[in-house]
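>>> quick one, what's the 3D model for this:
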Amino acid sequence: MFGPLIPEIGRTMALSDWQLGILAGSYGLARMLMALPAGWFADRYLGASLAAAPVAFAAGVVVLATAPAFPLLVLGRFLMGLGHTLTFVGGFTALVRDVGDARVSTRLNVFESGSMLGVLGGLAVVGALPVEWGWRRSFLVGSSPILLGLALAPVLVRLFRGAAGRVAAGAPRAEGAPVAESTRMLVLVFVAGSLYPMIWTAVGQFLLPLRATREFGLDRAGISRLYGLAQAVDLAALLPIGRLADRFGVGVLGAVTLLFGLASILVSLGPYPWVVAGCALYGLGLTGWVLPVGTIRRLTPPGRVGARLGLYRLLGDGAAFLGPLVCGLLGSEGAGWLVAGCGMVGILAGLALLAAAPP
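Numbering: from 1, shown residues only. All right, here's what the predicted structure looks like:
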C-alpha cells in the first residue's frame, strides 16, 4: 500500500523529493543492514527468526501510521524493512535447504505467489478506502492482516524448533560444477538478483507514483491500477515460470531478466501507453525475482545456505535502498534516465545468463 500513498504522504507532511527518497529507501536500508545477521540467525534459530518477523513489521506499521514528524516516518519504514528481511531470509532458508533441484524453483515461486496475493490485496484495499480517511488511517486499517502473522508466531517457533542444520536426503551437496564455472554463474545471478530490487523500488516507490500523478494526472486508485496490472500478470505467471525454471534452469532467469530490463525503459521514459505496456511486462519480469535463490542453493554447501542467502539479500537490499534514495536526489526527470540505464544493464545481464545456460 505504501507506493500509492507516497504523493499523499509528501503533501500532508510537506516532504521534498529527497525526503521522499530517504523515506522509501529506509525500508531497503534496514533490509541491507540486517541481511547478514538474518542469515546467521536463520541457520541457527529458524523458528525464532520467522516468529520475530511479524513483530518487527507490526511495530513499523504502528510507528509509521502515527508518526508526527519525518524522522519517525523513517523509523517506521526501517522497522518494516527489518520484518521483511527476517521473513524472506528465514523463509527462503526453510524452503530450499531440504528439497531437491527438481522442485526448488516451483516451491520458491509458490512462496512468492503468496507475497503477490498480499500485494494485490493491499493495492485493492488502498484503492477502495475513502480518500477522506487520509493516508494514516488508510494505511493502518489496510495493514491489519499483520495481526494474523502475530497470531502465527508461536506456531512458527514450534514448527521449526530443531530445524537448524537439517538437510534432507534430496538436497544438493554443491558438488560437480567446476569452481570457475560456479563462480561465474554466482556472479551473474547475484547481478540479476540485485537489479530486481533496485529497479522495482526506484520505480514502485518513487518514479511510477510521481510520474502517474504529475504527468498523467492519476489519483490513488489510478496508481493502484498500474501496480495491480504488474502484480496480476506476475501472479498468473509465477507457477508456470517456476516449473519452466525447474526444467530449463538459468536460461529462464535470463529471459525474464531481459523482459524486466525492457519494461524499465518503457516505464521510465515512455508516454502513458508505453507505461501501461511496461507495467504488464514488469509482471512477467518479476517472476524471476526469487529464481536466483535456487541457483545459489544448488552451488552452496549444506549448513551455509542461510549465510549465503543473507549475502544475496545484502546486495539486493542494498540496491533496494539505493534505488529510491538516488532517485530522490536526482528528481523525477533524472530518475527516469537512471532507471532506463539500469534497464539496459538488465537486458545485458539477461543475455549473459541466456548465453551461460547449459544446452
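
>>> which element follows the particular helix or strand that has Ala42 in it toward the C-terminus?
Secondary structure from DSSP states H and E places Ala42 in helix 17-44. Next in sequence after helix 17-44, counting helices and strands by DSSP H and E, comes helix 46-66.

>>> what's the angle between that following helix and helix 17-44?
Interaxial angle, helix 46-66 versus helix 17-44 (axes from the mean of the first three to the mean of the last three Cα atoms, to 10 degrees): 160 degrees.

>>> what is the rounded mean pLDDT of the next helix or strand after helix 46-66?
The first helix or strand that comes after helix 46-66 along the chain, using DSSP H and E, is helix 70-96. For helix 70-96, mean pLDDT is 90.

>>> what do you get for stretch 317-326?
Averaged across stretch 317-326, pLDDT comes to 79.

>>> now stretch 239-259
On average, stretch 239-259 scores 87.

>>> centre of the chain to it, how far?
Distance, stretch centre to chain centre, for stretch 239-259: 18 Å (Cα atoms, centre = their mean, to the nearest Å).

>>> what does it contact?
Residues outside stretch 239-259 that contact it (Cβ atoms under 8 Å, 6 or more residues apart in numbering) are 101-110, 113, 185, 188-189, 192, 195-196, 281, 284-288, 291-292, 294-295, 346-347, 349-358. For every residue, glycine as well, the C-beta is placed using N, CA and C.

>>> nearest the middle, which residue of the protein would you pick?
Pro197 (5.5 Å; Cα atoms, centre = their mean).

>>> residues contacting that residue?
So Pro197 contacts 28, 316-317, 319-320, 323 (Cβ under 8 Å, 6+ apart).

>>> got the phi and psi for it?
Dihedral pair for Pro197: phi -70, psi -30, per degrees, to the nearest 10.

>>> spatially nearest residue to it (excluding sequence neighbours)?
Distances taken as Cβ to Cβ, 6 or more residues apart in numbering place Ala320 nearest to Pro197, at 3.8 Å, with adjacent residues excluded.

>>> next one: Arg308
Nearest one to Arg308, counting by Cβ to Cβ, 6+ apart, is Thr300 at 4.8 Å.

>>> and the helices in this structure?
Secondary structure of the chain, counting by DSSP state H: helices at 2-12, 17-44, 46-66, 70-96, 104-128, 134-142, 146-159, 179-202, 208-214, 220-248, 250-269, 272-286, 291-298, 305-356.

>>> next one: the residue nearest to Arg308 from Ala202, what distance?
29 Å (Cβ to Cβ, to the nearest Å).

>>> with Gly127 instead?
22 Å.

>>> go through the helix holding Ala42 and flag the buried ones.
17, 19-39, 41-43 (16 or more other Cβ atoms under 10 Å).

>>> would you mind measuring from Ala340 to Ser268?
Taking Cβ to Cβ, one finds Ala340 at 5 Å from Ser268.

>>> look at the two and report which has more neighbours.
Ser268 (27 against 18; other Cβ atoms under 10 Å).

>>> which residues does the spatially closest residue to Gly318 that is not a sequence neighbour contact?
Among residues not flanking Gly318 along the chain, Met32 sits closest, at 4.2 Å (Cβ to Cβ, 6+ apart). Shown in contact with Met32 (Cβ under 8 Å, 6+ apart): 314, 317-318, 320-321.

>>> columns neighbour count and distance to Leu5 on top of these, output as a markdown table?
A markdown table is the format used below for these (neighbours: other Cβ atoms under 10 Å; distance: Cβ to Cβ, whole Å):
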| residue | neighbour count | distance to Leu5 |
| --- | --- | --- |
| Leu314 | 22 | 28 |
| Asp317 | 30 | 22 |
| Gly318 | 19 | 25 |
| Ala320 | 30 | 18 |
| Phe321 | 25 | 20 |
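
>>> check the residue nearest to the centre of the chain and give its pLDDT.
For Pro197, pLDDT reads 85.

>>> and if you look at the one 5 residues further on?
The predicted local distance difference test score for Ala202 is 88.

>>> does it touch Ala335 like I think?
Yes. Using Cβ atoms under 8 Å, Ala202 makes contact with Ala335 at a distance of 6.5 Å.

>>> return every residue with contacts to both of the two.
326-327.

>>> who's more crowded, the two?
Ala202 (31 against 25).

>>> spatially nearest residue to the more buried one (excluding sequence neighbours)?
Using Cβ to Cβ, 6+ apart, the nearest residue to Ala202 is Gly323, at 3.5 Å.
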